[in-house]
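>>> Give me a 3D structure for the following:
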Amino acid sequence: MTDLGQLLTAVRFGDSSFPAGGYAFSSGLEGAYRDELVRDEDDVAAFAAEQLESRWHRCDRVLLRRAWSDPDPADADALAEAVATMSVLREASRRAGAAILTTFAAVIDGGVDDYRRRVLDGAVPGHLPVAQAICLRAAGLTVETAEAVAAWQVVSGLSSAALRLGICGHLGAQRVLTAVGPLLMDVLLRPAPTVPASFTAYADITAQRRDAGVAGVRLFAS
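Okay, here's the model as predicted:
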């Protein structure tokens, strides 16, 4: 695939209108907003920065690369299950992984459906970073472009969640993306860690709380 082809494909898969599953999850932002710990777009930007650096870069990126390079991504999937200590986030990752596998199995011909069937049979958990590796590799992206798509979905998904929660408007959501942009570039230029190890205790607690929804009603799965 040419550089232009990589760019166009990345734009397609990074768009929030593409049904990739990840946009149904707020990573604890919903609970933090309910408790008035996140109040404005600056808080959302700080929240997104922590998720990008302390969770995606240090954990999900490692799992994505392991699944990418392994002929059978089941080992990376098992590792993803082992390091997902929070039940709500573990289930959210599984659900998002199943969603992206289902979408790509319907639109991409590249062996995606084989792994999707293993997920549906319960043979593998199908976590999101593993599913992203399988799907984006099948779509012809390089691992570097796939990482850019996955990292973009983290910050874009959180800005979209902030918009849906009413923390900020459309322009505020764009200011969040502008604020996090330099960190996004910096993280993608760093070497990926070799061992997955995230620490986002604040967000994990707000995601795990069963009553974390706004006015007692959850808009997101995490």
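
>>> Next one, pLDDT for residue 211 please.
Model confidence at residue 211, expressed as pLDDT, equals 57.

>>> Oh, that last question was meant for residue 26, not what I typed.
On the pLDDT scale, residue 26 is placed at 81.

>>> just residue 56 next, same as before
At residue 56, pLDDT is 97.

>>> hey, where'd the helices end up in the protein?
Secondary structure of the chain (DSSP state H): helices at 3-14, 29-34, 41-50, 61-69, 74-83, 87-107, 112-120, 128-138, 143-165, 170-189, 201-208.

>>> how about the ones you listed in CSV, adding mean pLDDT, mean neighbour count and distance to residue 20?
(Glycine included, C-beta is placed from N, CA and C.) Formatted as CSV, those follow (pLDDT from 0 to 100; neighbours: other Cβ atoms under 10 Å; distance: least, Cβ to Cβ, whole Å):
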stretch, mean pLDDT, mean neighbour count, distance to residue 20
helix 3-14, 92, 14, 7
helix 29-34, 90, 25, 18
helix 41-50, 96, 21, 18
helix 61-69, 97, 22, 14
helix 74-83, 97, 19, 17
helix 87-107, 92, 20, 5
helix 112-120, 94, 18, 13
helix 128-138, 96, 27, 8
helix 143-165, 95, 22, 7
helix 170-189, 97, 16, 17
helix 201-208, 82, 19, 19
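
>>> list the contacts for residue 183?
49, 52-53 (Cβ atoms under 8 Å, 6 or more residues apart in numbering).

>>> Can you tell me the closest non-neighbouring residue to the residue nearest the centre of the chain?
By Cα atoms, centre = their mean, the mean C-alpha position of the chain lies nearest to residue 154, the distance being 4.9 Å. Leaving aside its chain neighbours, residue 154 sits nearest to residue 56 (4.9 Å; criterion: Cβ to Cβ, 6 or more residues apart in numbering).

>>> is it true that that neighbour touches residue 151?
Yes - between residue 56 and residue 151 there is a contact under Cβ atoms under 8 Å: 5.9 Å.

>>> any shared contact partners between the two?
If you check residue 56 and residue 151 against Cβ under 8 Å, 6+ apart, the residues they both contact are residue 187.

>>> how about residue 40, what does it touch?
By Cβ under 8 Å, 6+ apart, the contact set of residue 40 is 167-168, 172.

>>> could I have stretch 193-211 exported to CSV, CA atoms only?
Listed next in CSV are the C-alpha coordinates belonging to stretch 193-211 (Å, rounded to 0.1, in the frame of the first residue of the first chain):
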residue,chain,number,x,y,z
PRO,A,193,7.8,-0.8,25.9
THR,A,194,8.3,-4.6,25.8
VAL,A,195,6.2,-5.5,28.9
PRO,A,196,2.6,-4.3,29.4
ALA,A,197,2.2,-2.4,32.7
SER,A,198,-0.3,0.4,33.1
PHE,A,199,-1.2,2.5,36.1
THR,A,200,-4.3,4.7,35.9
ALA,A,201,-5.7,4.0,39.3
TYR,A,202,-7.9,7.2,39.4
ALA,A,203,-9.6,6.3,36.1
ASP,A,204,-9.9,2.6,37.0
ILE,A,205,-11.7,3.4,40.3
THR,A,206,-14.2,5.6,38.6
ALA,A,207,-14.8,3.1,35.8
GLN,A,208,-15.3,0.2,38.3
ARG,A,209,-17.9,1.9,40.4
ARG,A,210,-21.2,0.3,39.7
ASP,A,211,-23.1,3.5,40.2
